[in-house]
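Colleague: predicted coordinates and the sequence they were generated for:
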Amino acid sequence: VQLQASGGGLVQPGGSLRLSCASSGRISRFNDMNWYRQTPGKQRELAAVIRNDGSTDYADSVKGRFTVSRDNAKNTVYLQMNSLKSEDTAVYYCNAREIRGSVWYDYWGQGTLVTVSS
């Protein structure tokens, strides 16, 4: 499975961006579709998750501003980011996770850079 993230760019504080993660395979096979983000010198953090049943969770830092969604027909996951702040600047990675018993299988996209700056 290959994941292709896109939609990053430069945006002013308070602005919006929508990231897309297109999968070469069916996303319905994965338990979770996740958006992680990483800034230099910091660990990758989970920003948002959407599960196969449609339930979602968000990091406290993005709750109320980011919305994750999925389109199984297009095998694509989206991250709508509103009210962006400078601290949202990061490389955003999409991740697909398949859980078989106690084993997790993770697939990663290449990352897309989001820069929030005036």
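Modeller: Alright, I've got the coordinates.
Colleague: ok, which stretches of the protein are strands?
Modeller: Under the criterion DSSP state E, the chain contains strands at 3-6, 9-11, 17-23, 32-38, 45-51, 56-58, 66-71, 76-81, 90-100, 103-108, 112-116.
Colleague: contacting residues around the most centrally placed residue in the chain?
Modeller: Central residue of the chain (C-alpha atoms, centre = their mean): residue 35, 2.3 Å from the mean position. Contact analysis of residue 35 by C-beta atoms under 8 Å, 6 or more residues apart in numbering lists 19, 21, 46-49, 68, 77, 79, 92-95. Any C-beta I mention is one placed from the backbone N, CA and C, and that applies to glycine too.
Colleague: same question for residue 89.
Modeller: Contacts for residue 89 (C-beta under 8 Å, 6+ apart) come out as 39, 114-117.
Colleague: how much space between it and residue 40?
Modeller: Relative to residue 40, residue 89 is positioned 10 Å away (C-beta to C-beta, to the nearest Å).
Colleague: check residue 97 too.
Modeller: On the measure of C-beta to C-beta, residue 97 and residue 40 end up 25 Å apart.
Colleague: the two: which has the busier surroundings?
Modeller: Taking neighbours as other C-beta atoms under 10 Å, residue 97 and residue 40 compare with residue 97 leading, 15 against 6.
Colleague: now do the end-to-end distance for stretch 93-109.
Modeller: In stretch 93-109, first residue to last residue: 6 Å (C-alpha to C-alpha, to the nearest Å).
Colleague: mind listing what's buried in it?
Modeller: Applying a neighbour-count criterion of 16 or more other C-beta atoms under 10 Å, one finds 93-96, 107-109 buried in stretch 93-109.
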